[in-house]
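Chemist: need coordinates for the following:
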Amino acid sequence: MGGFFSTASSNVHSDLYAELEKTRIERQLAIAQLLEQRRRAYKFAEEREKLNWSASGGGLMMVFCAVSSYHHKNILHLLPVFPTLTYLGYKAHYCYGNKANTIRDVADKLLHDNVDLMSPAPISVQDVRNRMVELKETSREEEMFL
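Modeler: Numbers count the residues shown, from 1 in each chain. From the prediction side, this is the model:
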């Protein structure tokens, strides 16, 4: 092959290809990071919008509970206030506090400490056979009851 117009590949071409590949990978990583940041920002915006509705509904419910408790002279009417305050406090901490960072830190720690637990174990042929036997026994028991 080759001929008069063909040239042998040189180190210049391989260096150029390596540099282009490195640039392409860096750009892909940058785009992936930007997309992840955009997804998180959208999620926080969505949670903040939900919080506005949850807080107004929860506040209105707490007012009704307080009025009902006063009107009926029964303190048990205030029981729904405590779980509602807990829920709204958690959501407010998630939307405006550092709860997302805490969750991310715990997830990173779990991922680094328990790598073996995060990856699924391979399924053996014997596991599949045992599961098939269990399913047959279960179907027989169901047929007996029908």
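Chemist: pull the helix or strand with minimum mean pLDDT from this structure.
Modeler: helix 115-118 (a mean of 68; mean pLDDT, DSSP states H and E).
Chemist: just after that helix, pick out the following helix or strand.
Modeler: helix 125-145 (DSSP states H and E).
Chemist: quick one, grab the pLDDT at Val12.
Modeler: You'll see Val12 listed with a pLDDT of 75.
Chemist: what's the helix or strand for it?
Modeler: Judged by DSSP H and E, Val12 forms part of helix 11-72.
Chemist: which strands and helices lie in contact with that helix?
Modeler: If contacts are counted by 3 or more C-beta pairs under 8 Å, 6 or more residues apart in numbering; DSSP states H and E, helix 11-72 sits against helix 81-96. The way it works is simple: take the backbone N, C-alpha and C, and place the C-beta from them, glycine included.
Chemist: buried sites along the helix it packs on?
Modeler: Val81, Thr84, Leu88, Lys91, Ala92, Tyr94, Cys95 (16 or more other C-beta atoms under 10 Å).
Chemist: JSON lines for those residues, including pLDDT?
Modeler: JSON lines is the format used below for these (pLDDT from 0 to 100):
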{"residue": "Val81", "pLDDT": "96"}
{"residue": "Thr84", "pLDDT": "96"}
{"residue": "Leu88", "pLDDT": "96"}
{"residue": "Lys91", "pLDDT": "95"}
{"residue": "Ala92", "pLDDT": "95"}
{"residue": "Tyr94", "pLDDT": "92"}
{"residue": "Cys95", "pLDDT": "92"}
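Chemist: closest one of those to Ile103?
Modeler: Tyr94 (8.3 Å; C-beta to C-beta).
Chemist: ok, that closest one to Glu19 distance?
Modeler: Tyr94 sits 44 Å away from Glu19, going by C-beta to C-beta, to the nearest Å.
Chemist: show me how far the helix holding Val12 is from its chain's centre.
Modeler: Distance of helix 11-72 from its chain centroid, counting by C-alpha atoms, centre = their mean, to the nearest Å, is 11 Å.
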